[in-house]
Structure formats: structure tokens, C-alpha cells
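S.K.: here is a sequence together with a model predicted from it:
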Amino acid sequence: MRITAFSDVCLRVVMLLTAEPDLLTSRVIAERVGTPYNHVSKAVMRVRALGLVEVERGRSGGVRISPAGRTATVGWLLRQLDDRPDLAGCETHDGPCPLLVGCGLRGALRQAREAFYAQLDDLTITSMAPGRRPGPVPLTLSRTQTGP
């Protein structure tokens, strides 16, 4: 099972924001998730419509995770973003697939897709996000003891 490129960007945006306490601009988000700005802007609009992020407009504005975004699951979000009616394209160049009547493939694929999402229902987006590490990673130097 593969998710769409758009779903991938939406997940990356929300995961980044769950690990970030400050407002981030769409340009900063685009840099940090390695995705073009216009794709990130569309993703921000979609996850905002789903209530996962809050947007503050203006000079010092930006995007932050909402309380709902902190508790949303990966499975729920992917279901919301999946706009494909069927995984199989049941059409040929000449019209509908001749095996369409009585075919069990479409139903089996729908069940498989739901099983995929159900497996992700126990994972919150917050739990999948990388921990925030401000600044350089500190080194712990061991001391050698001299004498007894």
C-alpha cells in the first residue's frame, strides 16, 4: 500500500509542527521537510481545514499544531486525505473492465486499504514525530580517575 505524495507532505508538516513549540512560516516548514513551498502551502491549507493546525496571519504569523493535531492518529489523517474511490482502476481503453460484474478484487482491495489504516489508528502523529533537538548535540566526556 502506498500513500500519495500529498498525504506524505501533510504527514511531514504535521509531524514537524508537533515537535515545534514556536510558530513556523510555510517557507521554514518547506525548508525543514524538504518540499517545495507551493506543495507545503497546499498541505497547510488542507490540514488547517481538518483542524490539525492553527494559522496566524500577519508579519509575525505562522503555523502551529492545534490541540486536535496533537491527538490525531496517522490512520485517521490518511483516511481523510485519501480521495481515491478504488485502488484498482476498473476501466480499460474501451470502457469498464469486462470482469467488473462479480469481481471480488475491488472489495478485497478496499478491505486491505482499511486494514492498512486500522494498523495506523493506534499511532498518534505526535508519537511519530522526531524529538526536538535545539542546538548541537551535547557530548558527555568521561573522566578518568587517577589513583584509588
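M.R.: Received, thanks. Just so we're clear, the structure is a prediction, and the values are computed from it rather than from any experiment. Numbering: from 1, shown residues only.
S.K.: give me the low-pLDDT residue ranges for the chain?
M.R.: Applying pLDDT under 70 to the chain flags the ranges 85-89, 100, 131-148.
S.K.: recalculate using a threshold of 90.
M.R.: By pLDDT under 90, the low-scoring segments of the chain are 1-4, 19-22, 58-60, 82-111, 113, 126-148.
S.K.: run a quick neighbour tally on the nearest residue to Leu81 once chain neighbours are set aside.
M.R.: For Leu81, the nearest residue in space outside its immediate sequence neighbours is Ser7; the separation is 4.4 Å by Cβ to Cβ, 6 or more residues apart in numbering. Every residue, glycine included, has its C-beta placed from N, CA and C. As a burial measure, the neighbour count of Ser7 was computed by other Cβ atoms under 10 Å and equals 19.
S.K.: wait, Ser7 touches Gln80, no?
M.R.: No. Judged on Cβ atoms under 8 Å, Ser7 makes no contact with Gln80 at a distance of 9.2 Å.
S.K.: and the contacts of stretch 58-78?
M.R.: Applying Cβ atoms under 8 Å, 6 or more residues apart in numbering, the set of residues contacting stretch 58-78 from outside is 3, 7, 10-11, 13-14, 17-18, 20, 22-26, 28-29, 44, 47-48, 50-56, 117-126, 128.
S.K.: which stretches of the protein form helices?
M.R.: Assigned by DSSP state H, the helices in the chain fall at 5-18, 26-33, 37-49, 67-71, 74-81, 105-119, 125-128.
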